[in-house]
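>>> have a look at this fold, sequence not included:
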């Protein structure tokens, strides 16, 4: 395919981008302008759906793709003996579904190998890999992209990128609003959603919807294990604490996994339970849910086609949530998740409030009660690093009471954000304090 | 893309935007904000106290329960609370910092309370956890044992169990295990 005429490769894509379809917007102008908008869009793909997302973006006509793959570089060992690692380098067990990798790539970082492979196959695309966590990067980094597509593997990472992208929205600068496309899979289930930070419902709005992972009661694990997984949980949660109290458990350390595996085997024997394996031990302690190649493909395709539609405006984008269930047959359902007015992230964006830095915190709190936009009578408040004043419980009130007599300039910096809660309101408020 | 930007501009005009943003600084996280709210909405009876080793860090604190009725009356039980940044998706991590004789608390301080693990939901708050903890001292529960011996004692002979509780609370030995003195 590498030698195929490039106009042939893009033939079908260009059909979509050079003539209007039944669903395209009236104002939309098809043609070369749209194609160049696509080709110049700098886009970020992050997370575990990596291979699929990367391939799809490249074949959708994006030319400037950045990719972040969570994962650590292999640990440096002083003994000089290479160790088998459990990090996000390519493992033999990845080869069944992560089609950009070959046997010879085992041990290399995923992001880099995937980038090189796609660049080889799709001429003219530039892929910039970064091996690390999304949390390593700051707002300036995310500001350079037009669209962010994520297939992250944890709720925590989703909440982080969600809050970051929402926090970046600057009313004066429309380009600071980065459409965020989120895809996720869990076995045969998946979801894809489009989030327009501050405009549409965000990850935090629907946090309650994500069921926390099912856990086995601690007492079952402690007293009446019935399954091999219970024995592993016992070794991980209870035996480790008892025997290796001062040694923090590291799920990437093979020695630690090995210890847990042996302890679990021993316990399984006692209770006549069969089936504890090393691989299962890894799966349980790292909470690995088997990835299904077809689910990943469906969800990655959904997220990347949204990226194409948003970048080119050629067709209406998903508004705003698509669920996919593939356990029994194939089922999808699309609906509009609603923005929650009391969402702690997008419900009440920080407002600017001009204050006199020489005013005491007590005086400031008094003004909050009077200001028509606030009317907060019993507020508690903090910055990211400091508890300014907390009204309850009494112990904390006592500890923070002294702050009331201090001047604002001694407690916060100019332009710093504070978060205020008041029992009279179900929502919280954020203010950016600007010194007079 | 352009469409989305103009949507944002319209929304902004409607809201009559304020001035440009100041320099970006670290923001209060969703977990901190939720804990700030949860703390404010606590109802602590006279039997409960909290302490914050670092008042600026509201994600880590200690709860002391001093039951005024039931078998554990007269004791002061300390629990460390550790809330992570993934709260309220993840439950708080709660551990008893003393070695106590209780069917639902093991010798390492792990607590078996359904809402701390399998039944946790993000709609629950710190108050629900604290109420649950208090309940464990009023009604120790033999059917969810973490300390199997204590649970067996409770099931087989409630009076003997009560005596064991008293012995353990004063720093005595029950079934070859020495417990910490926890009297007020």
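Alright, I've got the coordinates. Computed from a predicted model, the values in this text were never measured in an experiment. Numbering: from 1, shown residues only, chains lettered A, B, ... in the order given.

>>> any idea how far the residue of the stretch 151-300 of chain A found nearest chain B lies from residue A:229?
Here the residue of the stretch 151-300 of chain A nearest chain B is residue A:174; by CB to the nearest CB that distance is 3.7 Å. Every C-beta, even on glycine, is put in place using the N, C-alpha and C of the backbone. Per CB to CB, to the nearest Å, residue A:174 is found 50 Å from residue A:229.

>>> give the other helices and strands that the host helix or strand of residue A:54 contacts.
Residue A:54 belongs to helix A:50-59 when assigned by DSSP states H and E. Counting contacts by 3 or more CB pairs under 8 Å, 6 or more residues apart in numbering or on different chains; DSSP states H and E, helix A:50-59 packs against strand A:42-47, strand A:64-69, helix A:110-121, strand A:147-151, helix A:293-312.

>>> hmm, who's touching stretch A:7-27?
A:1, A:28, A:30-31, A:34-35, A:38, A:60-61, A:312-316, B:3 (CB atoms under 8 Å, 6 or more residues apart in numbering or on different chains).

>>> just the buried members of those?
Buried members of the contacts of stretch A:7-27, counted by 16 or more other CB atoms under 10 Å in any protein chain shown: A:30, A:34-35, A:38, A:60-61, A:312-315.

>>> make a markdown table from those residues and add distance to residue A:211 to it.
As requested, the buried ones among the contacts of stretch A:7-27 are exported to a markdown table (distance: CB to CB, whole Å):
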| residue | distance to residue A:211 |
| --- | --- |
| A:30 | 43 |
| A:34 | 41 |
| A:35 | 42 |
| A:38 | 37 |
| A:60 | 32 |
| A:61 | 37 |
| A:312 | 36 |
| A:313 | 36 |
| A:314 | 36 |
| A:315 | 33 |
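
>>> low-confidence ranges, chain B, go.
Confidence mapping of chain B against pLDDT under 70 gives the ranges B:1-2, B:12-25.

>>> helices along that one, start to end?
Using DSSP state H, the helices of chain B run over residues B:2-15, B:30-40, B:126-138, B:148-156, B:158-169.

>>> deepest in the core, which of those helices is it.
helix B:30-40 (a mean of 22; mean count of other CB atoms under 10 Å in any protein chain shown).

>>> which ones are touching residue A:216?
A:229-230, A:233, B:118.

>>> okay if I get those as CSV plus neighbour count and secondary structure?
Formatted as CSV, the contacts of residue A:216 follow (neighbours: other CB atoms under 10 Å in any protein chain shown; DSSP: H, G, I helix; E, B strand; the rest coil):
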residue, neighbour count, secondary structure
A:229, 19, helix
A:230, 23, helix
A:233, 22, helix
B:118, 16, coil
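
>>> among those residues, which pair sits farthest apart?
Greatest spatial distance among the contacts of residue A:216 (CB to CB): A:229 and B:118, at 13.6 Å.

>>> neighbours around residue A:55, how many?
Residues near residue A:55, counting by other CB atoms under 10 Å in any protein chain shown, number 21.

>>> return the distance of stretch B:60-70 from the chain's centre.
Averaged C-alpha coordinates place stretch B:60-70 at 10 Å from its chain's average position (CA atoms, centre = their mean, to the nearest Å).

>>> and for stretch B:50-65?
11 Å.

>>> could you list the buried residues of that stretch?
In stretch B:50-65, counting by 16+ other CB under 10 Å, buried: B:50, B:52, B:55, B:58-59, B:61, B:63-65.

>>> and chain A, which of these reach it?
B:50, B:52, B:55, B:58 (CB under 8 Å from any CB of the partner chain).

>>> quick one: the third one from residue A:227, how far?
Looking back up the chat, that one is residue B:55. 44 Å.

>>> also residue A:195?
Applying CB to CB to residue A:195 and residue A:227 gives a distance of 38 Å.

>>> between the two, who's got more neighbours?
Neighbour tally, residue A:195 and residue A:227, criterion other CB under 10 Å: the higher count belongs to residue A:195, 27 against 16.

>>> need the contact list for that one.
When contacts are counted by CB under 8 Å, 6+ apart, residue A:195 touches A:162, A:165, A:179-182, A:201-203, A:320.

>>> mind running it again at 7 Å?
Residues near residue A:195 by CB atoms under 7 Å, 6 or more residues apart in numbering or on different chains: A:162, A:180, A:182, A:202-203.

>>> mind listing which of the residues you listed are in helices?
residue A:162.

>>> can you list the contacts of residue A:195 in CSV and add pLDDT and neighbour count?
Putting those into CSV (pLDDT from 0 to 100; neighbours: other CB atoms under 10 Å in any protein chain shown) gives the following:
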residue, pLDDT, neighbour count
A:162, 94, 23
A:180, 96, 25
A:182, 94, 24
A:202, 95, 29
A:203, 94, 28
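
>>> restrict the contacts of residue A:195 to those near chain B?
Restricting the contacts of residue A:195 to those touching chain B (CB under 7 Å from any CB of the partner chain) yields no residues.

>>> may I ask which helix or strand encompasses residue A:413?
According to DSSP H and E, residue A:413 maps onto no helix or strand at all.

>>> what about the closest residue to residue A:212 other than its chain neighbours, distance to residue B:112?
Counting by CB to CB, 6 or more residues apart in numbering or on different chains, residue B:120 is the residue found nearest to residue A:212 once chain neighbours are left out, at 5.7 Å. Distance of residue B:120 to residue B:112, computed by CB to CB: 13 Å.

>>> same question, residue A:118
Distance from residue A:118 to residue B:112, by CB to CB: 50 Å.

>>> in three-state terms, how would residue A:175 be classified?
Following DSSP: H, G, I helix; E, B strand; the rest coil, residue A:175 is assigned to helix.

>>> give me the low-pLDDT residue ranges for the stretch 251-400 of chain A?
The low-confidence ranges in the stretch 251-400 of chain A, as defined by pLDDT under 70, are A:373.
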